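1. Based on what follows, work out the 3D shape:
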Amino acid sequence: GGDFAVGVHDVYDAAREAFAPRAGGEEGLERLIRTIGRVTPAQVGLKDGQMPQRGPGSPLAGLKRLFDGQAKERPPVAYLHIHECPALSIGVFCVPAGGSIPLHDHPGMTVVSKLLFGSVHVRSFDWVQPGTGPEPPQEGEAELVLDNEFRAPCAPIVLRPRSGGNIHQFRSDTGCAILDVLAPPYASGEGRRCTYYEELRGE
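-> Prediction:
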């Protein structure tokens, strides 16, 4: 519907201004943060508080399950693909009650996330000594940046290539939907491969 188109196009326009070839710098990023902060669940095709359903003609037909290789008892996370180009990607992660997205990184990427509904616990880290090569560290000391529960409505979360909690995990007891803008998107051939980590807690 029109509301869906308006919400998606507003975010796309702001993201393109911020990240596509003539990047808008900090001013462009601030505009994107303001724009994504105004997006409602209905504007990305979701009913408030309801997990999406597949169906003919639904904007949710692009859903795919993620992390199928993880423990089978974990409720499946779904992803609504909205847009992807070489400069950026836009999509919605739908995390069911009791679901989680494991600890993972975003190499060389800026990510702006908006909690659309529900609540989510975010735990995020940055490397104390980031690697200098194209490959992310396989193991190392990381600083805890964020360990908080968020409940919609709330301000967007921003992480940057080397700060803001570039390595993070999500867990939701209530079920939630998170709108993500990633720039640039994951691309294994360009050294932006998603790596999953396990937290090694000290004694």
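2. CA only for contacts and neighbour counts going forward, please
-> Noted.
3. per-residue confidence at the residue most central in space within the chain?
-> To find the centre residue of the chain, average its C-alpha atoms and take the closest one (C-alpha atoms, centre = their mean): that gives Asp180, at 3.8 Å. Note on Asp180: pLDDT of 93.
4. how about the strands of the chain, start to end?
-> In the chain, the segments counted as strands under DSSP state E are 64-66, 77-84, 89-95, 99-104, 110-127, 142-151, 157-159, 167-172, 176-183.
5. Return the helix or strand in the protein with minimum mean pLDDT.
-> Using mean pLDDT, DSSP states H and E, strand 64-66 stands out as the lowest-scoring helix or strand of the chain, at a mean of 41.
6. May I see the strands of the chain organised as JSON lines, with distance to Ala14 added?
-> As requested, the strands of the chain are arranged in JSON lines below (distance: least, C-alpha to C-alpha, whole Å):
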{"stretch": "strand 64-66", "distance to Ala14": "26"}
{"stretch": "strand 77-84", "distance to Ala14": "13"}
{"stretch": "strand 89-95", "distance to Ala14": "12"}
{"stretch": "strand 99-104", "distance to Ala14": "26"}
{"stretch": "strand 110-127", "distance to Ala14": "12"}
{"stretch": "strand 142-151", "distance to Ala14": "24"}
{"stretch": "strand 157-159", "distance to Ala14": "15"}
{"stretch": "strand 167-172", "distance to Ala14": "24"}
{"stretch": "strand 176-183", "distance to Ala14": "10"}
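7. out of these, nearest to Lys47?
-> Between Lys47 and the strands of the chain, the tightest spacing by C-alpha to C-alpha is seen for strand 110-127, at 9.3 Å.
8. ok, back up a step: mean pLDDT for the strands of the chain: which is lowest?
-> Looking over the strands of the chain, mean pLDDT reaches its minimum on strand 64-66, with a mean of 41.
9. Determine the longest helix present in this protein.
-> If you go by DSSP state H, the chain has its longest helix at helix 2-19.
10. wouldn't Val95 be in contact with Leu80 here?
-> No. No contact is recorded between Val95 and Leu80 when judged using C-alpha atoms under 8 Å, the distance being 11.2 Å.
11. more neighbours, these two?
-> When Val95 and Leu80 are compared for neighbours, Val95 comes out ahead with 27 against 22, by other C-alpha atoms under 10 Å.
12. Just list whatever residues bridge to that one.
-> Note on Val95: beta-bridge partners by DSSP bridges are Cys176.
13. and it, what does it touch?
-> 76-78, 101, 171-172, 175-177 (C-alpha atoms under 8 Å, 6 or more residues apart in numbering).
14. Report the contact partners of Gly28.
-> Each residue near Gly28 by C-alpha under 8 Å, 6+ apart is listed here: 14-15, 17-19.
15. how far away is it from Val95?
-> Summarising the geometry, the distance separating Gly28 from Val95, computed by C-alpha to C-alpha, to the nearest Å, is 29 Å.
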